[in-house]
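>>> Pasting a predicted model and its sequence here:
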Amino acid sequence: MSRVLLKDVRPYGAGEPVDLLVEGGVIAEVGAGIDADADEIVHAGGAVALPGFVDLHTHLREPGREDAETIDTGSAAAALGGYTAVFAMANTDPVADNAVVVEHVWRRGQEVGLVDVHPVGAVTVGLAGEQLAELGTMARSAAQVRMFSDDGSCVHDPLIMRRALEYTRAFGGVVAQHAEEPRLTAGAQAHEGDNAARLGLAGWPAPAEEAIVARDCLLAGHTGGALHICHVSTAGTAEILRWWKSRGADGEPPSGTVSAEVTPHHLLLTDDRLDTYDPVNKVNPPLRTDADVRALRQALADGTVDCVATDHAPHAAQDKDCEWAAARPGMLGLQTALGIITLTMVRSGLLDWRGVARVMSERPARIAGLAEQGRPVAPGEPANLVLVDPDAEWTVRSAELASLGSNSPFEGMRLPGRVVATLLRGRLTAHEGKVRR
Ligand SMILES: NC(=O)N[C@@H](CC(=O)O)C(=O)O
Ligand SMILES: [Zn+2]
Ligand SMILES: [Zn+2]
């Protein structure tokens with residue numbers, strides 16, 4: 001049985017440094033000055049120990065676009081970013097709308113072994129929004145799919161959405177909605193506002209997101225289903241979620257559950273960046289305004305928005321290095337998420353490390369129903385862990401990231417918060433910036 005000794009770590013960044021002995025995939029012992037025979041000793045220098053991060057929203061592009069990312073390269077990026085579980089979106093080619101594709105993704109992820117890759121199943125056949133996919137078959141498959149999404153497209157037909165929320169209740173599934181009313185965003189290229197008008201880009205209005213969020217909250221309440229809102233991007237959406245969560249009689253939560261995620265890029269970047277027409281800033285939903293950014297940070301801090309999800313969206317060079325209108329939307333996220341959260345949420349005093357554990361690990365694990373992730377850093381618990389040096393700063397160099405794509409909007413930025421090591425079931429998957437295969 002392999003043993004790893006983590007010297008000098010601070011669980012949740014609080015208290016004096018302790019040692020953590022990891023054995024047989026679990027945390028065997030936590031205490032000062034543990035002196036044990038170990039196969040490997042990590043000198044962590046007082047690093048913050050947190051449960052491994054869980055990303056509910058990742059695009060790994062396999063099958064179909066292995067030139068943009070593979071399960072292998074995406075898993076490496078995840079491990080280096082501190083993740084121990086990621087949810088791979090269904091908008092692959094072929095689409096993950098059946099048991100064969102989701103089982104392939106699950107098995108390939110286990111073969112690579114750097115992070116648990118949980119496939120997200122499509123809600124509708126071919127993401128076409130017309131006919132429910134075989135949700136039950138995917139749930140019963142070896143991949144045990146629990147999260148379903150047409151991400152990239154909105155499930156805009158309210159009856160299909162209603163059926164999906166009803167049907168997934170049978171096996172405790174969650175429907176993750178890419179909230180975008182397509183009639184309001186036809187041809188949209190940027191957040192509808194002053195900048196888009198000045199730059200001559202067709203607008204993506206905030207209510208295109210908010211109208212779907214409001215509608216689907218009502219449907220979740222009516223059906224008792226579980227709804228998750230992908231990449232919340234506007235202050236108005238945060239307001240609707242706040243209303244929803246405060247509702248319910250006598251402090252009882254309303255029927256159905258609604259959770260939501262925000263991406264690191266929507267917590268930092270605004271549409272001011274669009275002046276250069278550099279498509280690295282093109283993303284869906286679009287970068288919004290400073291007021292939106294401030295509202296989203298607040299909503300994440302107070303729990304209105306449950307968690308951070310990367311929406312890691314790698315693209316091949318030819319799909320990004322072209323004129324704005326032709327470029328695909330999406331940005332890399334797995335290796336920069338912690339840095340952006342440290343910068344926007346920790347340095348600003350909005351979250352402490354306990355709070356980071358909540359929004360990057362515990363809440364996403366509970367939303368997706370992962371029993372072994374997002375657990376306390378304590379004896380007897382599964383050793384899915386990340387060690388973070390909160391003071392170390394590093395400069396983002398897209399070319400050095402593990403992803404095949406290099407479409408990071410954070411290129412050249414100095415970020416605080418560095419992953420020292422990541423452990424998946426007690427095995428080091430990343431250490432000092434290197435993947436451990
Ligand atoms: N976020 C994006 O801009 N793009 C995503 C799709 C999506 O998340 O909607 C992609 O698959 O590239
Ligand atoms: Zn989306
Ligand atoms: Zn996405």
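Yep, it's here. Ligands and ions are numbered 1, 2, ... in the order given.
>>> where does residue 45 land on pLDDT?
Residue 45 is assigned 97 on the pLDDT scale.
>>> Counting neighbours, what do you get for it?
By other CB atoms under 10 Å, the residues close to residue 45 number 14. Any C-beta I mention is one placed from the backbone N, CA and C, and that applies to glycine too.
>>> check contacts around the closest residue to it other than its chain neighbours.
Among residues not flanking residue 45 along the chain, residue 8 sits closest, at 5.7 Å (CB to CB, 6 or more residues apart in numbering). Residue 8 makes contacts with 17, 18, 19, 43, 44, 45, 46, 47, as judged by CB atoms under 8 Å, 6 or more residues apart in numbering.
>>> isn't there a helix covering the fifth one?
Spelled out, that is residue 44. No - counting by DSSP: H, G, I helix; E, B strand; the rest coil, residue 44 falls outside a helix, being strand.
>>> contacting residues for residue 323?
Residues near residue 323 by CB under 8 Å, 6+ apart: 277, 279.
>>> and the gap between it and residue 196?
The gap separating residue 323 from residue 196 is 16 Å, by CB to CB, to the nearest Å.
>>> rewinding a little: closest to ligand 1 out of the contacts of residue 8?
residue 47 (31.3 Å; CB to the nearest ligand atom).
>>> tell me the SS of the closest one?
strand.
>>> quick one, phi/psi of the residue nearest the centre of the chain?
The residue lying closest to the centre of the chain (CA atoms, centre = their mean) is residue 309, at 2.3 Å. Dihedral angles of residue 309 (phi, psi; degrees, to the nearest 10) stand at phi -140, psi 140.
>>> same thing with the one 4 residues further on?
Note on residue 313: its backbone torsions stand at phi -130, psi 80 [degrees, to the nearest 10].
>>> Now do the contacts for the nearest residue to it once chain neighbours are set aside.
Leaving aside its chain neighbours, residue 313 sits nearest to residue 330 (2.6 Å; criterion: CB to CB, 6+ apart). Contacts for residue 330 were tallied using CB under 8 Å, 6+ apart; they are 59, 282, 283, 284, 311, 313, 314, 315, 407.
>>> ok, now how distant is residue 330 from residue 431?
Counting by CB to CB, the gap from residue 330 to residue 431 is 29 Å.
>>> Same check on residue 66?
Distance, residue 66 to residue 431, by CB to CB: 27 Å.
>>> Same question for residue 417.
16 Å.
>>> what about residue 348, how many residues close to it?
The burial count for residue 348: 12, using other CB under 10 Å.
>>> measure the closest residue to ligand 2 within the stretch 201-350 of the chain to ligand 3 for me?
When distances are taken as CB to the ion, the stretch 201-350 of the chain reaches nearest to ligand 2 at residue 230, 5.0 Å away. To ligand 3, residue 230 is 6 Å away according to CB to the ion, to the nearest Å.
>>> repeat for residue 345
Residue 345 is 21 Å from ligand 3, by CB to the ion.
>>> burial measure for that residue, as a count.
22.
>>> can you tell me which residues contact the nearest residue to it once chain neighbours are set aside?
Nearest non-adjacent residue to residue 345, counting by CB to CB, 6+ apart: residue 351, 4.2 Å away. Counting by CB under 8 Å, 6+ apart, residue 351 makes contact with 300, 301, 341, 345, 359.
>>> can we see that at 10 Å?
297, 300, 301, 341, 342, 344, 345, 357, 358, 359, 360 (CB atoms under 10 Å, 6 or more residues apart in numbering).
>>> quick one: it is in a helix?
No - looking at residue 351 with three-state DSSP, it is coil, so not inside a helix.
>>> What pLDDT is listed against it?
pLDDT for residue 351: 98.
>>> likewise residue 243?
Residue-level confidence at residue 243 comes out at 94, pLDDT.
>>> Where does it sit: helix, strand or coil?
Using three-state DSSP, the structure places residue 243 in helix.
>>> Could you report the distance from it to residue 313?
Distance from residue 243 to residue 313, by CB to CB: 30 Å.
>>> One more: residue 164?
Per CB to CB, residue 164 is found 23 Å from residue 313.
>>> What of residue 74?
Going from residue 74 to residue 313 by CB to CB gives 11 Å.
>>> Likewise for residue 75?
For residue 75 relative to residue 313 (CB to CB), the value is 16 Å.
>>> which of these two has more neighbours?
Remark: of residue 75 and residue 313, residue 75 carries more neighbours, 30 against 26, as counted by other CB under 10 Å.
>>> burial count for the residue of the chain found nearest ligand 2?
Of all residues in the chain, residue 178 sits closest to ligand 2, with a separation of 3.6 Å (CB to the ion). For residue 178, the neighbour count with other CB under 10 Å is 25.
>>> contacting residues around it?
Residue 178 neighbours (CB under 10 Å, 6+ apart): 57, 89, 91, 123, 127, 149-156, 209, 212, 229-231, 284-285, 311.
>>> and the helix or strand hosting residue 183, how far out from the chain's middle?
For residue 183, the host element (DSSP states H and E) is helix 182-185. Counting by CA atoms, centre = their mean, to the nearest Å, helix 182-185 is centred 25 Å from the centre of its parent chain.
>>> That helix and ligand 1, any residue contact?
No - judged by CB under 6 Å from any ligand atom, helix 182-185 makes no contact with ligand 1; its nearest approach is 11.3 Å.
>>> again with stretch 77-87
No - Stretch 77-87 does not reach ligand 1 (CB under 6 Å from any ligand atom); its nearest approach is 12.1 Å.
>>> Compute the first-to-last residue distance for that stretch.
14 Å (CA to CA, to the nearest Å).
>>> Tell me if it is near ligand 2.
No - residues of stretch 77-87 contacting ligand 2 under CB under 5 Å from the ion: none, with a closest distance of 12.6 Å.
>>> hmm, that stretch touching ligand 3?
No - remark: stretch 77-87 sits outside contact range of ligand 3, by CB under 5 Å from the ion, the gap being at least 10.2 Å.
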